[in-house]
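K.L.:
Structure for this input, please:
(chains A, B and C)
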Amino acid sequence: MSSQIVFYMLAALSVLSALFVVFSKSPIYSVLWLIVCFFSIAGHYVMLNAQFLAIVHIIVYAGAIMVLMLFTVMLLNLNKETEPHKPAMLKGAAIVTGGLLMLVLLAAMRSVQPAPYVAPEKADVGFVQNVGMKLFTDFLLPFEMTSVLFIAAMIGAVVLAKKEVHE
Amino acid sequence: MSIVLFKAILVVLIFLISLGIAAYSTYGERKIAAFLQDRIGPDRAGPFGLLQPIADGVKMFLKEEIIPTVSDKLLFIAGPSMFMLTALMTSAVIPWGLPLEFGGTVYALQVADINIGILYIMGVVSLGVYGIMIGGWASNNKFALLGAIRASSQMISYELAMGMSVIAVLLMTNGSLSLNNIVQSQGEGKLYGFINISGMNWNIFYQPVAFIIFLVCSFAETNRTPFDLPESESELIGGFHTEYSSMKLGLYLFGEYINMFISSAVISCLFLGGYNFPGIEYLGTVLPHNIVSLISVAALFGKIFFFIFFFMWVRWTIPRFRYDQLMRLGWQILMPLAIINVLITGGILTFFGN
Amino acid sequence: MQLTNRSKVVTKPEMTFVEKLYLPAIFSGLGITIKHLFKKKATLKYPEQTRQFAPVYRGMHVLKRDEQGRENCTACGLCAVSCPAEAITMDAAERKKGEEGLYREEKYAARYEINMLRCIYCGLCEEACPKDAIYLTDRIVPSEYSRGEFVFGKDVLVEKVDQRIDVSKRKKTYTI
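P.N.:
Residues are numbered from 1 along each chain as shown, chains lettered A, B, ... in the order given. Below you'll find the predicted structure:
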């Protein structure tokens, strides 16, 4: 029962903070609300007994990626005066495409059958040893593919950052 | 006494000890700085100036509180609070000593023995940068913003090498991430397999390279000299806390000393055997269990105090890095070194066993 | 063209591997700083301990009295004339009947002021004084809160009868 209360509180927090991300006027506040959102999601992971995933989520997203986002937003100095003016046609197109996407999502959601909750067979399913074992046996190929993806991204970043040499 | 009550007492105790040590670190810093420069240092408030931290605290509280009108008020207040929060959160997973025993019940001297202890520390440390960044940005001051940006890029860069150096240590302890297990494993077995001193099987003897990398990175993470670029007073007038006054500034300065205390504790736990000390097994046979526990706590605090002293000693020895040197050291030297160290450790463990 | 052979060619040789590690240099630096931890401290705890002054130190002035407690100064004005900073002013007055115990000669200084902010502590007033009345002592001029308080009058400058200021080290041992 108490875990249900915690779940609903966390769920409300994640939904509310996600809404604040969208509706905040200042981009800095958006980023900060996104961090709160990540924290509540990490809380969900802990509720699911996935401590390792929760802490890695915090380290990677809240600790590294959001710091870089905050970094960029701070340097951009976004405010009302510098906001680019968008033509009315662009706004109309955005509304139409957004509405279409929502329609598709609603249609897809209608036919969804919620899967029953499957309790994990062991309580320590989310512990480091078990996650590592699964990653390096059953999911070795996707895991390695992800690392290849990261290498590609890194090479792309290096290419973009490198100065062009003029002959 | 129930376990919950004991944990509550422990939490309050650790909180008070952290604050006390942070307060006396400010005194120690001034005293050690003075001694290393052939001076005497503060000696007017109380005997040997021992009441100086209290005088400083009173001064901090009584100073005028200034919030710049052009600042973001909410974030301006949130900055130092978050910095202090993250600084204090880390102490939850550190094992402070051997468990105490009262009437058959065992009370572990650790607030939470979670099985991802070291990752928890890395996570909280990586959050520590928000306090600095938010505070620096909210002050709406160029120097503060520069300090905040320096702090964040520096902390992100050194976190990687720090994590990599810890991996080598984790390999030594059969992959357990719990700090309690890491400390326990350093109290068992013989050093190098043949030197039989109980409680001396410390990781520093197996992983000197990882130790040096971790030490350097913890200097960078706590923004201490030679990596104090975020607050370098000679170039940035104090960096991210330029606009702060009164107790908000006090929280920033205090948080730095708490960070120093905690990182000293983490270094001691990871590399210097935590609460283990030479002869711990022999003492266990001649003294009551609880006395040995208290001695082990004292041993840990001795190591912590040595590292706090070392932090200060280095501060008055090595000049500040230039920013490009800092980045070069972090990415081009420490990072590859840490990776090579992990590879070598893994190779040796795989081919030669333990 | 080489004029002397004192010139040196400055080179920046490639660092060896050990030098590149920086750790030996850092440890030797730590060794140097730790040595200072045990050295004798240079600090003097001022109000309790005072530094010994040289006998020729020129600090705060004193207006001397003679052995019977009479003021030496006759307000001749030679000190004021000799003062390069023009820090000394005085008013002369005639000794009345019954004041023989206070002033040594018939003329005395009713007002004698030295502006301590103008004074450059050169000691020329002491050199100029024919009556052994003014001396510069090894006392330090106390700090004050406003500039006006630095104009010292006779109440500060004249030595007390029961608290004589020792100026024997500065007494002229030569005669012109």
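K.L.:
Tell me, how many residues neighbour residue C:19?
P.N.:
Neighbours of residue C:19 under the rule other Cβ atoms under 10 Å in any protein chain shown: 11. For every residue, glycine as well, the C-beta is placed using N, CA and C.
K.L.:
element containing it?
P.N.:
helix C:17-21 (DSSP states H and E).
K.L.:
would residue B:306 count as being in a helix?
P.N.:
Yes - checked against DSSP: H, G, I helix; E, B strand; the rest coil, residue B:306 lies within a helix.
K.L.:
Which SSE is immediately downstream of the helix holding residue C:19?
P.N.:
Criterion used, DSSP H and E; the element after helix C:17-21 is helix C:23-37.
K.L.:
What residues sit buried inside that next one?
P.N.:
C:29, C:30, C:33 (16 or more other Cβ atoms under 10 Å in any protein chain shown).
K.L.:
what do you get for stretch A:128-148?
P.N.:
Applying 16+ other Cβ under 10 Å to stretch A:128-148 flags A:128, A:131 as buried.
K.L.:
taking the mean pLDDT, what do you get for it?
P.N.:
Across stretch A:128-148, the average pLDDT comes to 85.
K.L.:
Including distance to residue A:94, could the buried residues of helix C:23-37 go into CSV?
P.N.:
Formatted as CSV, the buried residues of helix C:23-37 follow (distance: Cβ to Cβ, whole Å):
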residue, distance to residue A:94
C:29, 62
C:30, 62
C:33, 64
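K.L.:
Between those, which sits nearest chain A?
P.N.:
residue C:30 (32.1 Å; Cβ to the nearest Cβ).
K.L.:
residues from chain B in reach of chain C?
P.N.:
B:32, B:34-40, B:43, B:212, B:313-314, B:316-318 (Cβ under 8 Å from any Cβ of the partner chain).
K.L.:
what residues are up against residue C:118?
P.N.:
C:85, C:86, C:87 (Cβ atoms under 8 Å, 6 or more residues apart in numbering or on different chains).
K.L.:
quick one: the helices in the chain?
P.N.:
No chain was given, so I picked chain A. A:2-23, A:27-47, A:51-57, A:66-76, A:88-110, A:128-137, A:140-161 (DSSP state H).
K.L.:
um, chain C though
P.N.:
C:17-21, C:23-37, C:78-82, C:124-128, C:154-157.
K.L.:
These: which one's closest to chain B?
P.N.:
helix C:23-37 (4.5 Å).
K.L.:
contacts for the closest one?
P.N.:
B:32, B:35-38, B:212, B:313-314, B:316-318, C:18-19.
K.L.:
Can you name the residue of chain A nearest to chain B?
P.N.:
Counting by Cβ to the nearest Cβ, chain A gets nearest chain B through residue A:63, at 2.8 Å.
K.L.:
Correct me if wrong: that residue contacts residue B:121.
P.N.:
No - here residue A:63 lies out of contact with residue B:121, judged by Cβ atoms under 8 Å, at a distance of 11.7 Å.
K.L.:
Show me where chain A dips below the pLDDT cut-off.
P.N.:
A:1, A:77-84, A:117-126, A:165-167 (pLDDT under 70).
K.L.:
Domain ranges for it, per the record?
P.N.:
Split into domains by automatic domain parsing, chain A comes to A:1-82, A:122-167.
K.L.:
want to try a markdown table for those domains, with distance to residue B:180 as columns?
P.N.:
Formatted as a markdown table, those follow (distance: least, Cβ to Cβ, whole Å):
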| stretch | distance to residue B:180 |
| --- | --- |
| domain A:1-82 | 15 |
| domain A:122-167 | 14 |
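K.L.:
Single out the most deeply packed of those.
P.N.:
Highest mean neighbour count among the domains of chain A (mean count of other Cβ atoms under 10 Å in any protein chain shown): domain A:1-82, with a mean of 16.
K.L.:
chain center to it, what's the gap?
P.N.:
Here domain A:1-82 is found 8 Å from its chain centre; the criterion is Cα atoms, centre = their mean, to the nearest Å.
K.L.:
what does stretch B:75-92 give?
P.N.:
14 Å.
K.L.:
tell me what the lengthiest strand in chain C is packed against?
P.N.:
Ranked by residue count and defined by DSSP state E, the top strand of chain C is strand C:107-115. Other elements packing on strand C:107-115 under the criterion 3 or more Cβ pairs under 8 Å, 6 or more residues apart in numbering or on different chains; DSSP states H and E are strand C:88-94, strand C:151-152, helix C:154-157.
K.L.:
Could you tell me the model confidence score at residue B:177?
P.N.:
Reported pLDDT for residue B:177: 78.
K.L.:
How about the one 10 residues further on?
P.N.:
Note for residue B:187: predicted pLDDT of 75.
K.L.:
Then the one 5 residues further on?
P.N.:
In this prediction, residue B:192 carries a pLDDT score of 67.
K.L.:
Mark which of the residues of chain B next to chain C are buried, thanks.
P.N.:
If we count by 16+ other Cβ under 10 Å, those have these buried: B:32, B:34, B:35, B:36, B:37, B:212, B:313, B:314, B:316, B:317, B:318.
K.L.:
ok so, going back, which members of the residues of chain B next to chain C define the maximum pairwise distance?
P.N.:
Farthest pair in those (Cβ to Cβ) is B:43 and B:212. Separation: 35.7 Å.
K.L.:
Pull up the gap between the closest residue to chain C within chain A and residue B:271, please.
P.N.:
With Cβ to the nearest Cβ as the measure, residue A:158 is the residue of chain A nearest to chain C, at 25.5 Å. Distance, residue A:158 to residue B:271, by Cβ to Cβ, to the nearest Å: 34 Å.
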